[in-house]
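Trainee: show me how the following folds:
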Amino acid sequence: MRKIVVKFGGIVLWSSVVSVLSFYALYACYAGWLYYTHDANIHWETTPYSKDSQTIDKLPDGLAKSIIELEMAHNLHTEQEGAAIHVLSSWFEEVQAIKPASQDRAGMLAYMKQVHHALNSRFNYTASTDLIDGLATQTLDCDLRTILVIDAAAEQGISLRYVPSPRHAFAAWSNNDGMDIYWETTSSSFAQVSARHFDDIPDATSDYYLKPLSDNRILSYFEGLIYRQRASSDELTEAEKAQAQQALYALADTHADDPYLQIWALKLKIEEEKKKEKDASGEALLTWYQAIFDFWPSNTEAIFVLATNTDDEAQKKVYLEHLDTKYMDPDNAGFFAELSPHISFAHAVGYSLSYYGWNRANPTKSGDFYEQYRFLTAASFLIGLACLAFLLVRTYLPPKKKPLE
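Mentor: Numbers count the residues shown, from 1 in each chain. From the prediction side, this is the model:
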């Protein structure tokens, strides 16, 4: 009996190994296919230009120009300034030729599809924070891509609005009845924003998320992003970092309803407190983490700290109910799996590693992987089951006897 159990355990183990290896093999194939097919379609800007001719004055007035001026004022990526302005000028020249047949809903949808195609043919979608660097390398994420389409539409006399949601931003066009089209600027083909971005908006940020921002509020967000980077930069002196830190605190005080500014300011305070405290359980830390949770309930760092520092099971359950497995830190996956019955350890580790690995390995369309994850997981699971069935049959079913001649 013991031999049978041991042998069966070995079969299950090997089947699991095959399943995991199959997942990563499929993952690598899909990532490679997506990278090379998308990369081949990018119009890389290779037109020669004189750096002296690429000045900020060449750009039309708009959000992109204002953000570049902000970054230049803080000496960010000054060596890429010429390339960035050259790419942005070429982008504006291309999209100026795209004009809507009408400014009703049908006309706007057709216009957005054309601009979206132009956007994807110019820029990869990947995580980016600085517009100058993103333009120079032709890689932009949701907020910067949204800025570009808003400016492009403005040149045609079309008013698009910048709309934030948790972890995301997109463009919106309204008719006389209000916001009519929410434009997902990061998809591989034109699409309207998924319903998941409209769910579970925290009470603390309900007056901010999914509301169109004014130009001043948008620029405050990008200014805060610059201060956040400078406050943690290894290339600045302590005095310069402290100055950036205080500037971010002041900006957060001015815009108390902006969750991004609040969270960045709170995280800086937490880092400062951690330098004094060796653990993350101090009263001040927990208060700030609770504030982060109120602004951003699915923030895994806040959930981890708060859930591990409470003995109230009901409150712990509240924290864990907001856990979004797509954004879990692999280092904490075991903890979340242990405390959350609805999350298996394999799912926690697999999903988190896949998400982080995908974003690091694939600088093209990382967002598309969300839709492909379930397919890849199911396919690898079926391969593992097939391997299990094959090994069980080979091990436990007696071979057919050859007929006697």
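Trainee: which non-adjacent residue is nearest Asp215?
Mentor: Of all residues not flanking Asp215 in the chain, Leu63 sits nearest, at 6.3 Å (CB to CB, 6 or more residues apart in numbering). No exception for glycine: its C-beta is placed from N, CA and C like everyone else's.
Trainee: let me see the contact set for the one you found.
Mentor: Ile147, Ile150, Asp151, Tyr162, Asp215, Ile218, Leu219 (CB atoms under 8 Å, 6 or more residues apart in numbering).
Trainee: so how far is Asp151 from it?
Mentor: Remark: distance between Leu63 and Asp151 (CB to CB, to the nearest Å) = 6 Å.
Trainee: on that earlier part again, quick check: pLDDT value at the residue nearest to Asp215.
Mentor: pLDDT, Leu63: 97.
Trainee: ok, now Glu94?
Mentor: 93.
Trainee: who's in contact with it?
Mentor: Ala118, Arg122.
Trainee: figure out the helix or strand that it lives in.
Mentor: Glu94 belongs to helix 81-95 when assigned by DSSP states H and E.
Trainee: and for Ile158?
Mentor: Using DSSP H and E, no helix or strand contains Ile158.
Trainee: is it true that it touches Lys99?
Mentor: No - counting by CB atoms under 8 Å, Ile158 stays clear of Lys99, with 9.7 Å between them.
Trainee: which residues are in contact with both of these two?
Mentor: Taking CB under 8 Å, 6+ apart as the contact rule, Ile158 and Lys99 both touch Tyr111.
Trainee: which residues of this protein score low on pLDDT?
Mentor: 1-6, 30-41, 49, 51-53, 177, 195-197, 199-200, 277-281, 324-377, 398-405 (pLDDT under 70).
Trainee: can you list the domain ranges for it.
Mentor: Annotated domains of the chain cover 2-41+372-396, 60-188, 233-362 [automatic domain parsing].
Trainee: need these in TSV (columns: distance to Leu210).
Mentor: Below are these laid out as TSV (distance: least, CB to CB, whole Å):
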stretch	distance to Leu210
domain 2-41+372-396	25
domain 60-188	6
domain 233-362	12
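Trainee: pick the most buried one from the ones you listed.
Mentor: Sort the domains of the chain by mean neighbour count, taking mean count of other CB atoms under 10 Å, and domain 60-188 sits at the top with a mean of 19.
Trainee: can you show me the helices along the stretch 1-150 of the chain?
Mentor: 2-41, 63-73, 81-95, 105-122, 131-137, 142-154 (DSSP state H, counting those that start in this stretch).
Trainee: and the fourth one, what does it pack onto?
Mentor: Counting by 3 or more CB pairs under 8 Å, 6 or more residues apart in numbering; DSSP states H and E, the packing neighbours recorded for helix 105-122 are helix 81-95, helix 142-154, strand 168-175, strand 178-184.
Trainee: can you show me the CA trace of the shortest one as PDB?
Mentor: Taking Å, rounded to 0.1, in the frame of the first residue of the first chain, the C-alpha atoms of strand 178-184 are listed here in PDB:
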ATOM      1  CA  GLY A 178     -23.000  64.200 -20.400                       C
ATOM      2  CA  MET A 179     -20.100  61.800 -20.700                       C
ATOM      3  CA  ASP A 180     -20.900  59.600 -23.700                       C
ATOM      4  CA  ILE A 181     -17.700  57.800 -24.700                       C
ATOM      5  CA  TYR A 182     -15.000  56.600 -22.300                       C
ATOM      6  CA  TRP A 183     -11.900  55.900 -24.500                       C
ATOM      7  CA  GLU A 184      -9.500  53.200 -23.300                       C
END
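Trainee: neighbouring strands for the helix or strand following that strand, and are they parallel or not?
Mentor: Downstream of strand 178-184, the first helix or strand assigned by DSSP H and E is strand 191-192. If you go by DSSP bridges, strand 191-192 pairs up with strand 178-184 (antiparallel).
Trainee: and the angle for the partner strand with strand 168-175?
Mentor: 140 degrees (axes from the mean of the first three to the mean of the last three CA atoms, to 10 degrees).
Trainee: quick one: the residue nearest to Ile383 when sequence neighbours are not counted from Leu391, how far?
Mentor: Among residues not flanking Ile383 along the chain, Ser22 sits closest, at 4.3 Å (CB to CB, 6+ apart). Separation of Ser22 from Leu391 (CB to CB) stands at 15 Å.
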